[in-house]
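In: Compute the structure for the input listed below.
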Amino acid sequence: MTATLTKPPVDAPADPVRPRRERNAGGLLHWVATHAIGLALGLMFATPVVFVFLTAVMSDDQAFTADLWPREWHWENFVEVFDKAPLLRYLVNSLTYSLLATLGMLISSIPAAYALAKLRWRGRNVAFLLVIGAMMLPPQVVAVPLYDTWSSLGLTGTLWPLIVPYFLFDAFSIFLLRQFMLTIPQSYVDAARVDGCSEFQTLVRIIVPMAKPGIAATALFCFLFTWNDYFGPLLYTGEVKDQWTLSLALATFKGMHIVQWNSSMAVTFLTMIPAVVLFVFAQKSFVKGITFTGVKG
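Out: Numbers count the residues shown, from 1 in each chain. Sure, this is the predicted structure:
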């Protein structure tokens, strides 16, 4: 008799895609768990922006309802707001105020921060304490005497009372730049002096290139503060509409068109765009500048 040979059962081939899917799913879950706090904060900050945009493209009637999603997309709302108010003029005023103030801050704060961080002179610590004291002083405390001064000079009704002080002194910017410059090794400054560089040459050729992240962070802070400033333009240009900035015009626009929430939200969204674009492009320098500012004190 011949024995019959039976072949052992052959296992089904393993699915090569399944382990890959499991690894991808596990990696995704690990990434979500690691960045859970960041995702929650990002969602919290992005929700109001999304709400403003969705309301801006709603109709007049739907903007009063509890609907969160537009039934029809009214893109013309972004065009109509330019017919209701001279937004281009207000945009030019805001850019003039923010750019000139930022330029003046850099011109006045960089040399002052260098003197407090890298130069040895009698009274340096006292001067630094005065800078800190100026930071703690609320701007409303000196609003009346400053307004009286600018009024005697005949500059009220213009943006110059808001721009000129940045060319003279800005306590927060000096403090921030001074803290960043302390992280630059003193040996670079000493080597420049040995090579015969003056203090101005050392500042321009050595310190400024190495302090670019801190300078970028300080400039971004100044630009955003002046861009969103409401108290200053209201105090000095409240009665002269041609000198209004977007922040002041926005508040007044909402008062004039209180029943048109879609138009108000359209202006709000247009006002946010320059600041958001600037932050996106300067994000790396901003984060690096803030990170190194607190390393050494």
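In: Spatially central residue in this protein, please.
Out: Taking C-alpha atoms, centre = their mean, the centroid of the chain lies closest to Leu224, which sits 4.7 Å from it.
In: Can you verify my assumption that Ala101 contacts Leu224?
Out: No - counting by C-beta atoms under 8 Å, Ala101 does not reach Leu224; the two are 11.1 Å apart. C-beta coordinates here come from the backbone N, C-alpha and C atoms, glycine included.
In: Let's test this: mean pLDDT of the strand or helix carrying Leu29, rounded?
Out: According to DSSP states H and E, Leu29 maps onto helix 17-34. Averaged across helix 17-34, pLDDT comes to 65.
In: Ok, stretch 84-98 next?
Out: In the prediction, stretch 84-98 has an average pLDDT of 91.
In: now it, how far from the chain's geometric center?
Out: 19 Å (C-alpha atoms, centre = their mean, to the nearest Å).
In: That one: which residues count as buried?
Out: Neighbour counts over stretch 84-98 (16 or more other C-beta atoms under 10 Å) mark Ala85, Leu87, Tyr90, Leu91, Asn93, Ser94, Tyr97, Ser98 as buried.
In: try stretch 241-250
Out: Buried residues in stretch 241-250, counting neighbours by 16+ other C-beta under 10 Å, are found at Gln243, Trp244, Thr245, Leu246, Ser247, Leu248, Ala249, Leu250.
In: how about the CA coordinates for it, as CSV?
Out: Presented in CSV, the C-alpha positions along stretch 241-250 are these (Å, rounded to 0.1, in the frame of the first residue of the first chain):
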residue,chain,number,x,y,z
LYS,A,241,-11.2,112.1,11.2
ASP,A,242,-8.6,112.4,8.5
GLN,A,243,-5.9,111.3,11.0
TRP,A,244,-7.7,108.3,12.4
THR,A,245,-6.1,104.9,12.5
LEU,A,246,-7.9,101.6,11.8
SER,A,247,-8.3,100.8,15.4
LEU,A,248,-10.0,104.0,16.2
ALA,A,249,-12.1,103.9,12.9
LEU,A,250,-13.1,100.3,13.7
